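Undergrad: generate a structure from the sequence data that follows.
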Amino acid sequence: MKIFDIPGGVHPAYRKELTAEEAIRVLPMPARCYIPLQQHVGAMSVPIVAVGDRVAKGQVLCVRQGTMSATQHAPTSGQIVAIESVTAPHASGLAQETIVIESDGEDEWGELPEPIDDPFAVDPQRIIDRVATSGIVGLGGAIFPSAIKLGMGKQYKLDTLLINGAECEPYLTCDDRVMREHADEIIDGARIMAHALGVGRIFIAVEQNKPQAIARLEQAARAWPSISVVGVPIRYPVGYAQHLTKIVTGRETPAEHRNAEVGVVTHNVATARAVHHAVRFGRPLISRVVTVTGGAVRRPSNLEVPIGALVSTLVAACDGFSCEPKQLVLGGPMMGQPLPSLEVPVVKGTAGVLALSAAEVVEARERPCIRCGSCVSVCPCGLSPVDMAALIRKDKLDAAAKLFVGDCIGCGSCSWVCPSHIPLVQYFNYANGVLAEQDRQRRKNDRTRTLAESHALRVEALEKAKKEARAGKAAAAEVATSEAVSP
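TA: Numbering: from 1, shown residues only. So this is what the prediction gives:
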């Protein structure tokens, strides 16, 4: 099969050997689980339980608010002991509304939806609805509600489902282990998703540094000619959806457009497995595999973790730290976020927890740009980071927007390669944040102006109608008077 090339990219130290051969271990159920209401792109879910309620494993705790939202479920049985603000798993360290469940130790399942025995014989909408009510979001880190993607066959002309098993982020091996240990579930989930989308072709793309995963998937897919397992080049960030689409299909997604517009929908391998569980067994998304690794971790591992377990519990299950971590990261080292503390919960988008030792963290003082052009050559989006950063430093954000800073995917390749240690990606994240807020404010002002103009027109029309009514009454009164005095 022909593999297409993409520009740029880097080859960081992958360090996957720390956990690649570590089979998935199940984390013992913690005494308490902390379920944030917001674990997805879109509107916050709405709680339907109260403090003091007893809940069963898999029971709905919060319902989605509109289409762009996701339902949350209880990861175990127990009692709701609080609904309060808890530190979120985010670099800001801000608190977020969270449901706290105290486990009863029984881990008893509640009533689940009936399994869909033959998902290929039902209307695709039934699959989409099941995925939505199961709270499934993109487990590769995008945390986009999966049901919305599965419904794109109604909006676009699709022909391909692309399952993303690239896992190009250094250190992380959770997807690798899921592919090795649960390939049959991934294949079944992918086939179910393809049925929901109405497509006849499935590609599963895996970086070539995962030969065991490729072999297991090929074995599991042998009976299905419509499924192709594709080994893609070892280069960061080939796992980005638009780039992976170009590599596998040769189709280029225009900037600010969706893959679906070129006929392709992309889902993560772990998401496919979650769909399998939801459809075949009625089980909602209440756990995920997390890689806990780094030079400061005594026993780097891949753990199957209930959503809501504290990061500190994961670290304890890995026998703690062998040395004081120099840096804590949620996710991978390239696109992950600094952890404010270990006392934050695992959420649906948590793929990894890194505790990096001093030897793994490069600390260097930022120096002036030497205009070497390295950042330009590695940018996978064909941007000019050096020029965009120069404009952003001068607060010329509109000028940076004209250089397409909005197309930056935040992969960090430019920062990684910069010999002057300039935090380029932070500049772009800042600029895009400000520009997005300005755009929101502009749209709000336009909406307010439109409403004000509509109100003025309504008032004007009402006054005109009143004047016409008064004039009509006056004319009628004048006619009546003249008729009364006529002989």
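Undergrad: domain map for the chain?
TA: Using automatic domain parsing, the domain parsing of the chain gives 136-283, 289-360, 366-478.
Undergrad: quick one, phi psi at the residue lying closest to A31 once chain neighbours are set aside?
TA: Distances taken as Cβ to Cβ, 6 or more residues apart in numbering place S103 nearest to A31, at 5.8 Å, with adjacent residues excluded. C-beta here means a position set from N, CA and C on the backbone, and glycine is covered the same way. Backbone torsions of S103, given as degrees, to the nearest 10, read phi -70, psi 140.
Undergrad: about what we covered before: for the domains of the chain, give me a markdown table that also has distance to I80 and mean pLDDT.
TA: Shown next, in a markdown table, are the domains of the chain (distance: least, Cβ to Cβ, whole Å; pLDDT from 0 to 100):
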| stretch | distance to I80 | mean pLDDT |
| --- | --- | --- |
| domain 136-283 | 21 | 95 |
| domain 289-360 | 12 | 95 |
| domain 366-478 | 34 | 89 |
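Undergrad: and C408, what does it touch?
TA: 381, 383, 388, 425, 428-429, 432 (Cβ atoms under 8 Å, 6 or more residues apart in numbering).
Undergrad: should've said A351
TA: Per Cβ under 8 Å, 6+ apart, neighbours of A351: 139-141, 169, 172, 174-175, 290-291, 331-332.
Undergrad: in strands, which of these appear?
TA: Among the contacts of A351, the ones falling in strands (DSSP state E) are 290-291.
Undergrad: of the contacts of A351, buried ones?
TA: 139-141, 169, 172, 174-175, 290-291, 331-332 (16 or more other Cβ atoms under 10 Å).
Undergrad: which one of those residues is nearest Y236?
TA: Distance to Y236, by Cβ to Cβ, is smallest for E169 among the buried ones among the contacts of A351, at 7.2 Å.
Undergrad: ok, R288 touching I307?
TA: Yes: using Cβ atoms under 8 Å, R288 is in contact with I307, at 6.8 Å.
Undergrad: what's the overlap in contacts for those two?
TA: With Cβ under 8 Å, 6+ apart, R288 and I307 have common neighbours 346, 348.
Undergrad: got a list of what the residue nearest to A399 when sequence neighbours are not counted touches?
TA: Spatially, and ignoring its direct neighbours in sequence, A399 is nearest to L391 (4.7 Å; Cβ to Cβ, 6+ apart). Neighbour list for L391: 397, 399-400, 403 [criterion: Cβ under 8 Å, 6+ apart].
Undergrad: those, buried ones only, as a PyMOL selection?
TA: A single PyMOL command selects the buried members of the contacts of L391 (16+ other Cβ under 10 Å):
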select buried, resi 397+400+403
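Undergrad: any chance of the contacts of L391 in a markdown table, plus secondary structure and distance to G320?
TA: As requested, these are exported to a markdown table (DSSP: H, G, I helix; E, B strand; the rest coil; distance: Cβ to Cβ, whole Å):
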| residue | secondary structure | distance to G320 |
| --- | --- | --- |
| L397 | helix | 44 |
| A399 | helix | 49 |
| A400 | helix | 44 |
| L403 | coil | 47 |
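Undergrad: just the closest of the contacts of L391 to V232, please.
TA: Nearest to V232 among those is L403, at 29.0 Å by Cβ to Cβ.
Undergrad: quick one: which of the contacts of A351 is nearest V199?
TA: Distances from V199 to those, taken as Cβ to Cβ, are shortest for G140 (19.3 Å).
Undergrad: how about the strands in the stretch 151-300 of the chain?
TA: 160-165, 201-207, 227-232, 264-268, 287-293 (DSSP state E, counting those that start in this stretch).
Undergrad: which among those strands is found nearest to P47?
TA: From these, taking Cβ to Cβ, the stretch that ends up closest is strand 287-293, at 20.3 Å.
Undergrad: packing partners for the helix or strand just after that closest one?
TA: Moving toward the C-terminus from strand 287-293, the next helix or strand (DSSP states H and E) is strand 301-306. For strand 301-306, the elements it packs on are strand 25-26, strand 287-293, helix 311-317, judged by 3 or more Cβ pairs under 8 Å, 6 or more residues apart in numbering; DSSP states H and E.
Undergrad: let's have those in a markdown table, adding distance to R371.
TA: Below are the helices and strands packed on strand 301-306 laid out as a markdown table (distance: least, Cβ to Cβ, whole Å):
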| stretch | distance to R371 |
| --- | --- |
| strand 25-26 | 49 |
| strand 287-293 | 37 |
| helix 311-317 | 41 |
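Undergrad: and those, which is most packed in?
TA: strand 287-293 (a mean of 26; mean count of other Cβ atoms under 10 Å).
Undergrad: tell me which strands it pairs with, and in which orientation.
TA: strand 301-306 (antiparallel), strand 352-356 (parallel) (DSSP bridges).
Undergrad: most tightly surrounded among those?
TA: strand 352-356 (a mean of 26).
Undergrad: and R458, which of the three is it?
TA: Under DSSP: H, G, I helix; E, B strand; the rest coil, R458 falls in the helix class.
Undergrad: distance of it from A452?
TA: Distance, R458 to A452, using Cβ to Cβ, to the nearest Å: 11 Å.
Undergrad: for G9, same thing?
TA: In terms of Cβ to Cβ, G9 sits 50 Å off from A452.
Undergrad: helix or strand: which one has A476?
TA: Using DSSP H and E, A476 sits within helix 424-485.
Undergrad: tell me which strands and helices that helix is in contact with?
TA: Using 3+ Cβ pairs under 8 Å, 6+ apart: helix 424-485 touches helix 385-393, helix 397-402, helix 413-417.
Undergrad: for stretch 306-314, which outside residues touch it?
TA: So stretch 306-314 is contacted by 27, 29-30, 32-35, 39, 72, 75-76, 89, 101, 285-288, 290, 292, 303, 305, 330, 339, 342-348, 353 (Cβ under 8 Å, 6+ apart).
Undergrad: from the residues you listed, which would you call buried?
TA: Buried among the contacts of stretch 306-314 (16+ other Cβ under 10 Å): 27, 29-30, 32-35, 39, 72, 75-76, 89, 101, 285-288, 290, 292, 303, 305, 330, 339, 342, 344-348, 353.
Undergrad: what about dumping the CA coordinates of the helix or strand where K149 lies to CSV?
TA: Using DSSP H and E, K149 sits within helix 146-150. Extracted C-alpha coordinates of helix 146-150, given in CSV (Å, rounded to 0.1, in the frame of the first residue of the first chain):
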residue,chain,number,x,y,z
SER,A,146,-17.8,10.4,19.5
ALA,A,147,-21.5,10.2,18.7
ILE,A,148,-21.2,13.5,16.7
LYS,A,149,-18.5,12.0,14.6
LEU,A,150,-20.5,8.9,14.0
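Undergrad: just how off-centre is it within its chain?
TA: Distance of helix 146-150 from its chain centroid, counting by Cα atoms, centre = their mean, to the nearest Å, is 12 Å.
Undergrad: measure the spatially closest residue to H277 that is not a sequence neighbour to E252 for me?
TA: For H277, ignoring the flanking residues on the chain, the nearest one in space by Cβ to Cβ, 6+ apart is R283 at 4.4 Å. As for R283, its distance to E252 is 38 Å (criterion: Cβ to Cβ).
Undergrad: the two: which is more packed in?
TA: R283 (20 against 14; other Cβ atoms under 10 Å).
Undergrad: before we move on, back to that, ok, the residue nearest to H277 touching V275?
TA: No: counting by Cβ under 8 Å, R283 does not reach V275; the two are 10.7 Å apart.
Undergrad: how about the contacts made by C411?
TA: C411 neighbours (Cβ under 8 Å, 6+ apart): 236-237, 240, 334-335, 380, 425.
Undergrad: helix, strand, or coil at it?
TA: coil.
Undergrad: how much space between it and A13?
TA: From C411 to A13 the distance is 16 Å (Cβ to Cβ).
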